[in-house]
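[1] structure for this input, please:
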Amino acid sequence: MAGGSSPTKPSRRAALQRAKAGPAPAEQQCPAQPGVNKIVIYEHADFEGLSREFTSDVPDLHELDFGDCICSLRVVGQPWIAYTAPKYEGDAYALEEGEYRTVEKNKAFSALRLVHHDLADPQITLYEEPDYAGQSKVVTEETNLTYGYFNDRVSSHVVQRGPWIAYTAPKYEGDAYALEEGEYRTVEKNKAFSALRLVHHDLWGEGGG
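    Have a look, this model is predicted:
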């Protein structure tokens, strides 16, 4: 949780958290069955060793004897958000559909959350002042804020439909933050957003690689 800037959101949702977008997925597997959403995690790289499969949220992987040991994974269907601390706390990483043959050591996941939202019509509203004051801007697609008036000026925002990933540098670089649906009354000064990216959901056979 970011001290002093907790958003007004449902209690089960994580606050604005420092995150890195997940690594680019490797080549896709065979087409998945429609409507199947799951994540398969492995204790070793290249999908080796012990594995676990989940189709719903996991608040604490340690309770299932699989905390801080994920070295590769597969995502089928909707994206997932992986957290480095139990109860959906700590750093957050967006994991889109695909195969991840390796997971960096600093991405020690302790909780997993399935993205339940409809990703077909995303929307986030940005405000230049805290508490949703001042000029506002509605964003519905991937945006490089450095080309407009809102670069490094976002002081509060509302995620109507998401989730999104916000970056502190153009071209989706710098620090990144997972923004889930909800209201964020303040944004810390060190979280100066310069780019916004959608968490995608491309079903295999319908635009997937």
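[2] need the nearest residue in space to the residue of the chain most remote from its centre, chain neighbours excluded.
    Residue farthest from the centre of the chain, counting by CA atoms, centre = their mean, is Gly134 at 27.3 Å. Among residues not flanking Gly134 along the chain, Glu128 sits closest, at 3.9 Å (CB to CB, 6 or more residues apart in numbering). In this view, the C-beta of every residue, glycine as well, is placed from N, C-alpha and C.
[3] which residues touch the strand or helix carrying the one you found?
    Element membership for Glu128 (DSSP states H and E) is strand 123-129. Here strand 123-129 makes contact (CB atoms under 8 Å, 6 or more residues apart in numbering) with 132-140, 150, 153-162, 164, 179, 193, 196.
[4] can I get the buried part of the residues you listed as one PyMOL selection?
    Those of the contacts of strand 123-129 that count as buried under 16 or more other CB atoms under 10 Å are selected in PyMOL with:
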select buried, resi 132+137+139+150+153+154+155+156+157+158+159+162+164+179+193+196
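[5] of the contacts of strand 123-129, which belong to helices?
    Among those, no residue falls in helices (DSSP state H).
[6] looking at the contacts of strand 123-129, which are in strands?
    133-139, 156-161, 164, 179, 196 (DSSP state E).
[7] what helix or strand is the residue sitting nearest the centre point of the chain on?
    With distances taken as CA atoms, centre = their mean, Ala94 lies nearest the centre of the chain, 3.4 Å away. Element membership for Ala94 (DSSP H and E) is strand 89-95.
[8] off-centre distance for that strand?
    6 Å (CA atoms, centre = their mean, to the nearest Å).
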